Every structure is written in structure tokens, then in C-alpha cells.
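*Asks:* got a structure for you, letters missing:
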């Protein structure tokens, strides 16, 4: 399956990796709830590393959708919180005048 | 509750569907998407320029503070030489504060450097995808009547849509960081201008400067007094001698 790590690109990974990604993801959510920046950092780094090391990087000129999207590894507590809030914080696509 | 991965995946999907929602005709979708890609590429370039500007501003503040550190050090030395340990202490305290601020600016500058690197990388990847999209879109348009054209359009547009969302996010994150730094930087400027750190600007004559000038002028007065005393003493001695000579005569 194709996984995108934000800030790093797309990877082809084995389905089996998803289980381990989810485990780290649950720990990341816990860290977020307990306000633990260092722990959140560790989990985000771990997720990106898992994909990076367990997958094969797709070329940058490939146009293919990803099945799952892994958050950037350098996200702060504050940014993460903002992202999982109602709105998220990706600004709208540029609008044609 | 969704995990972070689920949340991000949904966030991106929603963003892309907003991007693609605008046109029903697939060939219009392709052209429209391409236009927006180019706009986004311009935005990310502007984002890089903004970060560079913010870095320059921080560099300017750092230079000012470094000048202050040197100045305060020499003021402390001058004060100590004049026997005013209290003033020397005040100057050194301010110097320590300025050094602390300098360190903070260094960290901020490094953070901006990172943001810049990420934006440049994002720009590079987006440019590559746009190039791939541009060549594919002509092929797809030519094959539009074919049954799989729709699917391919969807894939290409979604594939590049992710890159676009990612670039949008990178721009937004850099913008937020830069704004935070600018707010902090403005606060530091205000501290300087309000006179709290007036010694750091070197633009106004501070109380420390005035005290040091006082030491200087006191020293001048003392030196002048000593000179006068010396002259008087020499004069008086000569007179006594003359008187003595007069008596003996």
C-alpha cells in the first residue's frame, strides 16, 4: 500500500506495517492527552521512521494517491491539537480570482 | 476517537475534494487543477521569501544586541576603574540580559532556517509533481473518450492534490512560526524603545552613560584640582624661599 509521510514523500509499504503504525499512533494520542511534548515527538518520529525504513520511496514525479497519511514528525503539541480540532489548519486551496 | 493518522488522512481527503469539487467536466478539472498548482507554487515561493525576510530581521536585532554587549562590557570596565562597583554591576546585569536575548534569537534563527529548508524541499517536490501532471494531463485529455480516462484523471488529480495540501500545510506552518517570531521580535523592540533596555540601543544617552560621564568629569575636576594645588604649592614654596631670602638679606 502507498503511505505518505508529510514533509518526506510517498512510500510503498507492506500491509503488515499498519499494525505497528497504529500502535504508535495510539501512544501519540495518549501523549497528546497528557500534554507530553517529548513523548509525542518520540511517537511521531517513530511513525515516520517506520515508514521510511520499512518502505520503498516512490519517485517524486509519480502521481498516485496514498491510502494513509502520516503526520509530519516535527509537529508540536499545539499544532497537533489544532489539527485534530474541528477545522484542521490547512488553508483552502488557492482560489481563482 | 480517530488516531492522528486517521485524522490526517481525512483532513487531506476533505481538502482534495474541495479542490476538485469545482468542475464537473474532467478536462476542465485538469486545467483548473493545473492553474491552482501554479498558484500554489507561487505561494510557496513567497513563503520562502517571507522566512528569509524574518531571518534578516532577527539578524539585524542580533547585531544590535551584540553591539550592546560590547558597549556594556566597556562601560562596566570604565565604571570599575572609576571606583563605582555599583554601576559596573548594573552594566554587567544588562549585559547578561542582552546575552540571554541573543541566545533566544539564535534559537529562533535556527528554527527559521529549518522552516526555510522544509519550504524549499516542498517547493522542489511540488514542482516535480506539477511537471509530471502537465505532461500527463495532455495524454489523459487525448484519451478522454476512453473508459479509463475518468479513473486516471481522478488518480492524477488526487495524487497531486495530496502534494498541494502538503505544500499548503507547510506554508501555513511556516507562516505561523514566522508570525510568532515577529510578535516576540516586536516585543523586544518595544522593550528597547520604552527605555527598559535603553542602554542596548545606543541611541539615547542612558542614565548609565550619564553616571559614567559624571565619573569622567569628576576625574577631570580632581585632576584639575591636583594640578592647581601643585601649581599653588610650587608657587607658595618659591614665595617662602623669596621671603626667606628677603629676611636673610
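*Replies:* On my side now, so go ahead. In this text the structure is predicted, and so the values were computed from the model without any measurement.
*Asks:* Could you use CA atoms for every contact and neighbour count after this?
*Replies:* OK.
*Asks:* and chain B, which of its residues are near chain A?
*Replies:* By CA under 8 Å from any CA of the partner chain, the residues of chain B that approach chain A are B:3-9, B:11-12, B:15, B:18-19, B:36, B:39-40, B:118, B:122, B:125, B:128-129, B:131-133, B:155-160, B:162, B:164-166, B:168-170, B:172.
*Asks:* Tell me which of those fall in helices.
*Replies:* Mapping the residues of chain B next to chain A onto helices (DSSP state H) picks out B:4-9, B:11-12, B:15, B:18-19, B:36, B:39-40, B:118, B:122, B:125, B:128-129, B:131-133, B:155-160, B:162, B:164-166, B:168-170, B:172.
*Asks:* which among the residues you listed end up buried?
*Replies:* B:4-9, B:11-12, B:15, B:19, B:36, B:39-40, B:118, B:122, B:125, B:128-129, B:132-133, B:155-160, B:162, B:164-166, B:168-170, B:172 (16 or more other CA atoms under 10 Å in any protein chain shown).
*Asks:* Now do the domain split for chain B, please.
*Replies:* Taking automatic domain parsing as the reference, chain B has its domains at B:2-148, B:207-249.
*Asks:* Where among these is average confidence lowest?
*Replies:* Out of these, domain B:207-249 stands lowest, with a mean of 69 (criterion: mean pLDDT).
*Asks:* Okay, angle between the strand or helix carrying residue B:70 and helix B:4-20 too, please.
*Replies:* Element membership for residue B:70 (DSSP states H and E) is helix B:26-81. In terms of direction (axes from the mean of the first three to the mean of the last three CA atoms, to 10 degrees), helix B:26-81 departs from helix B:4-20 by 120 degrees.
*Asks:* what's helix B:26-81 packed up against?
*Replies:* Helix B:26-81 makes packing contacts with helix B:4-20, helix B:85-142, helix B:149-193, helix B:198-201, helix B:207-248 when contacts are defined by 3 or more CA pairs under 8 Å, 6 or more residues apart in numbering or on different chains; DSSP states H and E.
*Asks:* Kindly recompute the last result at 7 Å.
*Replies:* helix B:85-142, helix B:149-193, helix B:198-201 (3 or more CA pairs under 7 Å, 6 or more residues apart in numbering or on different chains; DSSP states H and E).
*Asks:* Pick the most buried one from these.
*Replies:* Of all the helices and strands packed on helix B:26-81, helix B:198-201 carries the top mean neighbour count, a mean of 21, counting by mean count of other CA atoms under 10 Å in any protein chain shown.
*Asks:* Quick one: mean pLDDT for it?
*Replies:* For helix B:198-201, the per-residue pLDDT averages 42.
*Asks:* and the residue in chain B positioned nearest to chain A, what does it touch?
*Replies:* Using CA to the nearest CA, the closest approach of chain B to chain A is made by residue B:159 at 4.2 Å. With contacts taken as CA atoms under 7 Å, 6 or more residues apart in numbering or on different chains, residue B:159 has the following neighbours: A:63, A:64, A:65.
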